[in-house]
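S.K.: Just need the structure, nothing else, for what follows:
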Amino acid sequence: MSGRVAVIGTGSWGTAAAGLVAGHADEVCMLARSDEVARSISELHRNPRHLSSYELPANVRATTNAAEALAGAGQALVAVPSSFLRATLASCAAAVPDPAGLLVLTKGIETGSHLLMTEVVAQELGHPRRIAALSGPNHAEEISRGMVSAGVVAAEDEALARDFQRLLHSTSFRAYRSRDVRGVEVCAAVKNVIAIACGVCAGLGMGDNALAVLMTRGLAEVGRIVSALGGDTLTCMGLAGMGDLVATCTSRHSRNRSFGEAFAAGETLESYEGRTRMVVEGARAAVSVWELACEMGIETPVTHAVHAILYEGVRLEEAAGLLLDRGPNEEFYGLRTNE
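M.R.: Numbering: from 1, shown residues only. Next up, the predicted model:
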């Protein structure tokens with residue numbers, strides 16, 4: 001049993017994660033931006049903005065005061081959107097206890113710097129060996145209902161990975177561990193871009209074969225980026241890669257997939273995020289992954305197509321044509337194989 005656990009962020013994933021770890025902690029304190037959200041979680045054990053029908057365990061409360069949320073916490077979970085991660089951490093850095101282990105639930109690659117989320121955390125808070133990442137097919141809606149899921153905790157320090165593994169593991173959530181932090185984080189970020197493409201594919205009625213092609217070619221694209229950044233391509237076959245990709249590209253709970261469908265129907269990114277009050281992480285990753293691929297010379301046709309339709313004014317039919325008109329190639333080009 002852990003003592004006190006802090007959760008930075010009160011979005012869907014932060015809320016579900018707080019409930020998930022509550023069974024292994026004496027107290028869980030969530031750091032909220034809104035007084036209304038903090039009061040509702042503390043007094044009613046419900047988040048009024050995300051997963052509002054989910055009743056949080058009695059030992060979960062929330063505050064808007066970083067020092068109060070983090071005081072005495074032996075472990076902290078970081079669950080804020082990637083575009084707000086650096087600013088959020090900078091605002092609460094002084095309150096993070098020195099011995100605390102940090103588990104990063106945020107998925108993405110920072111625009112401009114091209115840093116992974118654990119690297120952003122390390123820049124703002126220091127102590128990189130205290131930082132781990134969690135990824136996998138983890139839709140918050142299902143986890144909050146106690147449905148079966150699993151994730152992988154990636155950390156350079158195996159003792160740290162084991163600590164978080166114990167905090168998360170239950171009969172409904174299986175936690176595995178890995179030392180391939182870069183591979184796990186790249187998979188987590190890039191699959192969101194692929195999911196937007198799959199949503200567009202579904203929205204245009206292109207069929208199941210086309211969807212399967214996009215997912216598998218998307219996974220190969222993830223593998224090329226993982227390989228270029230020094231990760232282990234085997235990670236792409238695991239929970240952070242194939243597992244998360246399948247869930248994100250096919251599920252009705254996936255905001256990236258559903259945004260792709262909405263975009264195909266004519267809705268803008270701004271309209272979708274305003275309507276759903278959700279951040280489409282894949283839209284941000286489409287920029288950072290596109291920048292990274294251009295800088296490093298990595299071939300990423302699906303990412304380029306998503307970037308083109310979101311930010312370059314390219315029509316959907318034209319982007320699809322660019323993908324389909326590409327010349328033939330070996331299936332696993334750009335990846336190390338035994339051939």
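
S.K.: from here on, contacts and neighbour counts on C-alpha atoms
M.R.: Noted.

S.K.: Give me the secondary structure label for the residue most central in space within the chain.
M.R.: The structure's the chain has its C-alpha centroid closest to Lys107; by Cα atoms, centre = their mean the separation is 3.0 Å. Three-state call for Lys107 (DSSP: H, G, I helix; E, B strand; the rest coil): coil.

S.K.: where's it relative to Met30, distance?
M.R.: As defined by Cα to Cα, to the nearest Å, Lys107 lies at a distance of 19 Å from Met30.

S.K.: and what of Met296?
M.R.: Separation of Met296 from Met30 (Cα to Cα): 39 Å.

S.K.: So these two - more neighbours on which side?
M.R.: The residue with more neighbours, out of Met296 and Met30, is Met30; 30 against 11, by other Cα atoms under 10 Å.

S.K.: The more buried one falls within a strand, correct?
M.R.: Yes - read with three-state DSSP, Met30 is one of the residues of a strand.

S.K.: what bridges to it?
M.R.: Beta bridges link Met30 to Val7, Ala62, judged by DSSP bridges.

S.K.: Tell me how far the biggest helix by length in the chain lies from the chain's centre.
M.R.: In the chain, assigned by DSSP state H, the helix with the most residues is helix 181-203. Chain-centre distance of helix 181-203: 10 Å, with Cα atoms, centre = their mean, to the nearest Å.

S.K.: For the stretch 1-150 of the chain, which residues score under the pLDDT cut-off?
M.R.: Scanning the stretch 1-150 of the chain for pLDDT under 70 picks out 1.

S.K.: Quick check: can you list the domain ranges of this protein?
M.R.: For the chain, automatic domain parsing gives the domain ranges 2-179, 182-324.

S.K.: what's the closest of these to Glu330?
M.R.: domain 182-324 (11.4 Å; Cα to Cα).

S.K.: what's the helix or strand containing Met215 packed up against?
M.R.: Here Met215, judged by DSSP states H and E, is contained in helix 208-228. With contacts defined as 3 or more Cα pairs under 8 Å, 6 or more residues apart in numbering; DSSP states H and E, the packing partners of helix 208-228 are helix 181-203, helix 244-250, helix 301-311.

S.K.: Of those helices, which is nearest Leu335?
M.R.: helix 181-203 (13.7 Å).
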